[in-house]
Each structure stands twice: as C-alpha cells, then as structure tokens.
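Peer 1: make a model of this:
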Amino acid sequence: MAKQYDPYDNVIHVMEQAVKVGNIDDHMFEILKHPQRETKVYLPIEKDDGTIHMYEGYRVQHSNICGPFKGGIRFHQDVTLNEVKALATWMSLKCAVANIPYGGAKGGIRVDPSTLSNRELCSLTRRYTFAIAPIIGADTDIPAPDVNTNPQTMAWILDTYSQLKGKPCSGVVTGKPVELGGSRGRNSATGRGVVISTKLLLATRDKKLSGTKIAIQGMGNVGSNAARIFHHRDAKVIAISDVSGGIYCENGLDMDEISIYLDEKKLLKDYNTPGITHITNEELLTCDCDVLVPAALENQITVDNATNLKCSYVIEAANGPTSQDADKILDKRGITVVPDIFANSGGVIVSYFERVQNIQELTWTRNQVNEMLEKLMTQSFEKLTSVKEECKCSLRMAAYIVALRKLIFTENLKGLFP
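Peer 2: This next block holds a predicted model:
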C-alpha cells in the first residue's frame, strides 16, 4: 500500500534535503522542524434554522524569528492540523525567500462554506476571531485571506478584533477592503506574482509570455486573477478548471468573458461557447501546454500523473501541489518547477506593503504596488537562480536553501531564550 500523503512530512523532508544540499549549519535546524504554537479551537454557532452546530478551527504559528507571524485563513471541509502546520511552515520559508520581515503562520476552519448562509459565515468568522484573539495582533500574528476567504472575511475579523480591543485595529489583518485600510492591488497580488514568476522563468530561456500556452487548474482568487493577467499579456490560456470540471480551447479562451461568467457564481461545467471542449481536472493537468499552473490545493501532481504531464514548466500557484516523489519524476523528465514558496509569494509581499501603508497612514497607487511587487520578486528570483547554480540543484531546492540559510542564520544571531 502506498504511503498516505502528509503535507507536513513532505515539507520537513524537503527542508532536511536542503540543509544537506546547501551545506547549511544545522545547529538551530531542529527549531524550524517544529511550530512554536499549535492552537485548536471549537466554534459553536447558531444556524439559521435555530440548531447549534460545532466547528473545528486551527491557528498554527510556525516561526516569528524574522518578524510577526503571518499567514492566511482557509475555510475548507478537508482542513487538518497537519495541513495547517505544513502551510504555516511554508509561510516562514516564503517570507524568508521574499526577504520581508515576517514569520509564518496559518489558520483554518473545517467547514464547507458553500453549505452556510452569509449570516452563518459571518457568525463562524466572528466566533473564530474571538477564539484566537489572544494570539493575533498587528505586531504579533497577522491573518490574511486564503482558500474560500476574501476581503469580506477579513472585514469581519477586523471588526470583531477591534470591538474586543475597544479601538480600530486596522493592522490586525491584511487583504482587507481598501475602504478599511487595505492595499490596492492586494486582491490580485498572488495571481500577478504567478504571472511574474512565469515571465522571469521564460526569460531565462529567451522566451516571452506572448503566445505561450497556459493551463490553469483552479479558478479561485489566485487562478482566476492569474488567468486574466496572462490573457491581458497576450499569453494563450488554453485550459482552466474549477471544482465542477474544466474547459479547453486550443486557440485560447476569452478570460474576460469567462471571468464575468464566474463572478456570477456559475460553474465551468455549465459554460458553453463555440470552440471549447469540456475536460476533467485530470485531463487539464495532462493537456499539451507550455506552462501548467496548479492553483487549487495540495498534492495534485503525484506519481500517478507526473509521467503523463506534457508541459515544459510547472508554476506552483497553490501551496504544495506537487508531491516529493512526483517532483523527482518531473526533474528527471526535464520539466522545470517554479516552487510555491516563490511562485505564489505575491500575496504576502503585497500584504507587507499593506502593513507598511497602515503603519505610515498613507496609500499607494495600484501601479506603485505592482511595480514594487515585480521589483521584489525579480530580486528574489535572481537570488534563487544564483543559488541554483552554486549548489547544482533544482529551483525548489534553491528556494529552500535561500530560506533556511536566512532563518537559521537569524536563529543563531538571536540564540536561545532563556
């Protein structure tokens, strides 16, 4: 029987490899293999029919060695503690790769949000905020949106926390509405970062985005924004998918038209226009394209399908979409993978920009934010490619080496307390 996938085991295994490949002093490494705090909460809410239902929630704080804990909150029926631990660890690594002054955290509630009314979602979010309020704060731990959460969710968290503190606390979350102190460009930042990552990689092969065939698994916030931006930069988005299935068009999809359709809460299985073919999620992963963008959940590219991929490049928009065994297969096949801890870092980078704007009580234009995002990601990519050449390794391994060198160096500087 094949070993069941565990995202936390996966991230620890890759970190251990990176320590060896990067010849990193492992004196403080043991600290990074364990989160600083794991919080589990039970959340009772009264549903619209008057019944009381109990939900399970988590907040894992992995490391604050480089700054306040930072990480999103997801609402999903399959959330587990080990998944949240892995996501928190990836956040520590991601912030270190981006060279921004944050640590890593993550939160989640085990719930299918599609089964709740808007009032029930609000009640659940506020109850969760109340439960974790003692451990979050603008200088302590700053949540943000993730799977199935959005600026409205952040507004509920912000208001609940502010009510508890008796004053406005705009810095407690990022990814909030602009009207409440959010940053322009934050909502599309992760998707934009995916496009920037693709552009940077293609440039190393003397290629451009224009005409490049793109397939995107997942039409949540990240996938849908990436698809629109790819489309506007003349890349050819030939396949996309959501939870209901996928669509394919060899000549490229009109992502502006499809985005309007999806914004109306419609599903791709019901979308029809001349020239498209309906496909499964698995067929999307293995379709003939230049760039594959997994933008859904973890463990999508596995040993079962890695040999069937027909792309040249994988840009990991989701967290942990490729298993470690599949990674080896892709490497042997010459398929370049841009790892999640760099490729999807646009969101946390612009969250950092949002925090800076909140502290300084000013606002930046969308163009300013987008230009700074591209500049910072370009600097990070240059560092990754330099370490890749130094250590003769993959981009994923280079990203982990960059992150761990920074984190372990910082741990050594501070030492242990007491």
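Peer 1: low-confidence ranges, this structure, go.
Peer 2: Counting by pLDDT under 70, the ranges of the chain that qualify are 1-3.
Peer 1: for it, which strand is longest?
Peer 2: Using DSSP state E to define each element, the chain has its longest strand at strand 52-63.
Peer 1: that strand: how far from the chain's middle?
Peer 2: Remark: strand 52-63 is offset 19 Å from the chain centroid, using CA atoms, centre = their mean, to the nearest Å.
Peer 1: how about the next helix or strand after it: buried residues?
Peer 2: As assigned by DSSP states H and E, the chain's next helix or strand after strand 52-63 is strand 69-76. Going by neighbour count (16 or more other CB atoms under 10 Å), the buried part of strand 69-76 is 69, 70, 71, 72, 73, 74, 75, 76. C-beta coordinates here come from the backbone N, C-alpha and C atoms, glycine included.
Peer 1: just give me the closest of those residues to residue 397.
Peer 2: Ranked by distance to residue 397 (CB to CB), the buried residues of strand 69-76 are led by residue 71 at 23.0 Å.
Peer 1: what is the closest one paired to in the beta sheet?
Peer 2: Following DSSP bridges, residue 71 is listed with bridge partners residue 143.
Peer 1: which ones are touching it?
Peer 2: Each residue near residue 71 by CB atoms under 8 Å, 6 or more residues apart in numbering is listed here: 87, 88, 91, 104, 105, 106, 107, 143, 144, 146, 348.
Peer 1: one more pass at 6 Å, please.
Peer 2: 88, 91, 104, 105, 106 (CB atoms under 6 Å, 6 or more residues apart in numbering).
Peer 1: confirm that the fourth one sits in a strand.
Peer 2: It stands for residue 105. Yes: using DSSP: H, G, I helix; E, B strand; the rest coil, the assignment for residue 105 is a strand.
Peer 1: what about it, neighbour count?
Peer 2: 34 (other CB atoms under 10 Å).
Peer 1: wait, it touches residue 61, no?
Peer 2: Yes: in this structure, residue 105 is within contact of residue 61 by CB atoms under 6 Å, at 4.6 Å.
Peer 1: who touches both of those two?
Peer 2: Taking CB under 6 Å, 6+ apart as the contact rule, residue 105 and residue 61 both touch 69, 141.
Peer 1: and the helices in the chain, which stretches?
Peer 2: Along the chain, counting by DSSP state H, helices occupy 7-21, 29-32, 81-98, 118-132, 151-165, 189-204, 221-232, 255-263, 281-285, 324-332, 340-343, 346-360, 366-391, 395-414.
Peer 1: circling back to that earlier point, and the longest strand of the chain, what's buried?
Peer 2: Of all the residues in strand 52-63, those buried under the rule 16+ other CB under 10 Å are 55, 57, 58, 59, 60, 61, 62, 63.
Peer 1: partners of that strand in the sheet?
Peer 2: Short version: by DSSP bridges, strand 52-63 pairs with strand 37-46 (antiparallel), strand 104-110 (antiparallel).
Peer 1: need the contact list for residue 365.
Peer 2: With CB under 6 Å, 6+ apart, residue 365 has no contacts at all.
Peer 1: most packed of the helices of the chain?
Peer 2: helix 340-343 (a mean of 29; mean count of other CB atoms under 10 Å).
Peer 1: show me what that helix packs onto, helices and strands only.
Peer 2: Packing partners of helix 340-343 (3 or more CB pairs under 6 Å, 6 or more residues apart in numbering; DSSP states H and E): helix 81-98.
Peer 1: between the helix it packs on and helix 189-204, how many degrees?
Peer 2: Helix 81-98 and helix 189-204 are oriented at 60 degrees to each other (axes from the mean of the first three to the mean of the last three CA atoms, to 10 degrees).
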